[in-house]
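**Student:** no FASTA, just this:
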């Protein structure tokens, strides 16, 4: 067993013997399975892991696969089938170059037939070659004409990928993009719902506090609100918090209503 507390080690370079030679999964059935998933954060992560597994097992000679997303955290791997894929992805992020990032930026499928002869990304190709990666295929994840990420497969064999593999990657990338886009929409909808709930709650709390101040003798609603804002400014607190404090004290029965204006808690 490896020592989990020791320094992180790069994986051993891959060799052609490390990869599968025949596809193992029915692509159409797998895509249909993903499309039927009920959306949640857990199922999205599970589905993306399934996508990477499918990419690795439905393309001959593949060593590893991964999915890169771009979100508020920046570029990051959302799923990877093994350490080789993780390390190859990490080198792209560190160097800010490589086939996956190019697919993401250009919205075009990118293929490397041999990292030892390809000249488009010399630093990344050298790093990938050190990991045993010789050929790569990367497809963008497109949602509403926007690139939200990319997925890729790596092989230890030069010239490993062809038209069939490109077709499979486009299918899987399309499904992964749908899952990611839907999860982002769901997250945004939940955030908006929480914001609206807080806003409505704050509005109700402030309205109740204004009612208390009117009962204490404030001239009108504007005058009562002015009392709240003055107290908030003087105490360096939000108006809603001042209103909450006032209502809590009223419920506790600590102070009867009066006409004081300098402090709404009087």
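**Tutor:** Looks like it arrived, so ask away. A quick note: this is a predicted structure, and the numbers were derived from the prediction, not measured.
**Student:** which intervals of the stretch 1-150 of the chain have sub-threshold pLDDT?
**Tutor:** 1-44, 71-75 (pLDDT under 70).
**Student:** Touching, residue 110 and residue 103? I think so.
**Tutor:** Yes. Between residue 110 and residue 103 there is a contact under CB atoms under 8 Å: 4.5 Å. In this view, the C-beta of every residue, glycine as well, is placed from N, C-alpha and C.
**Student:** which of the residues in whichever strand or helix holds residue 150 are buried?
**Tutor:** Remark: residue 150 resides in strand 146-155, with elements defined by DSSP states H and E. With burial defined by 16 or more other CB atoms under 10 Å, the residues of strand 146-155 counted as buried are 147, 148, 149, 150, 151, 152, 153, 154, 155.
**Student:** Then stretch 48-65?
**Tutor:** 48, 50-65.
**Student:** mind listing the helices for this protein?
**Tutor:** Using DSSP state H, the helices of the chain run over 27-35, 41-57, 83-95, 99-106, 122-130, 163-215, 221-235, 239-252.
**Student:** Nearest to residue 141 among the ones you listed would be which one?
**Tutor:** Counting by CB to CB, residue 141 lies closest to helix 163-215 out of the helices of the chain; the figure is 3.9 Å.
**Student:** Residue 67 - how many residues pack around it?
**Tutor:** Number of residues near residue 67 (other CB atoms under 10 Å) recorded here: 29.
**Student:** roughly how far apart are it and residue 97?
**Tutor:** Using CB to CB, to the nearest Å, residue 67 is found at 19 Å from residue 97.
**Student:** got the phi/psi numbers for the closest residue to residue 159 other than its chain neighbours?
**Tutor:** Counting by CB to CB, 6 or more residues apart in numbering, residue 159 lies nearest to residue 113, which is 4.8 Å off, once chain neighbours are set aside. With angles defined as degrees, to the nearest 10, residue 113 sits at phi -90, psi -30.
**Student:** burial of residue 113, as a residue count?
**Tutor:** 15.
**Student:** got the contact list for it?
**Tutor:** 135, 158, 159, 161 (CB atoms under 8 Å, 6 or more residues apart in numbering).
**Student:** Can you name the residues that contact the residue nearest to residue 61 when sequence neighbours are not counted?
**Tutor:** Leaving aside its sequence neighbours, residue 61 sits nearest to residue 160 (CB to CB, 6+ apart; 4.4 Å). Residues near residue 160 by CB under 8 Å, 6+ apart: 60, 61, 62, 134, 135.
**Student:** Residue 59 versus residue 160, what's the distance?
**Tutor:** 8 Å.
**Student:** Out of the contacts of residue 160, list just those in strands.
**Tutor:** If you go by DSSP state E, the contacts of residue 160 have residue 135 in strands.
**Student:** Looking at the contacts of residue 160, spot the one nearest residue 126.
**Tutor:** Nearest to residue 126 among those, with distances taken as CB to CB, is residue 134, at 12.3 Å.
**Student:** What's opposite residue 138 in the beta bridge?
**Tutor:** Counting by DSSP bridges, residue 138 is bridged to residue 110, residue 152.
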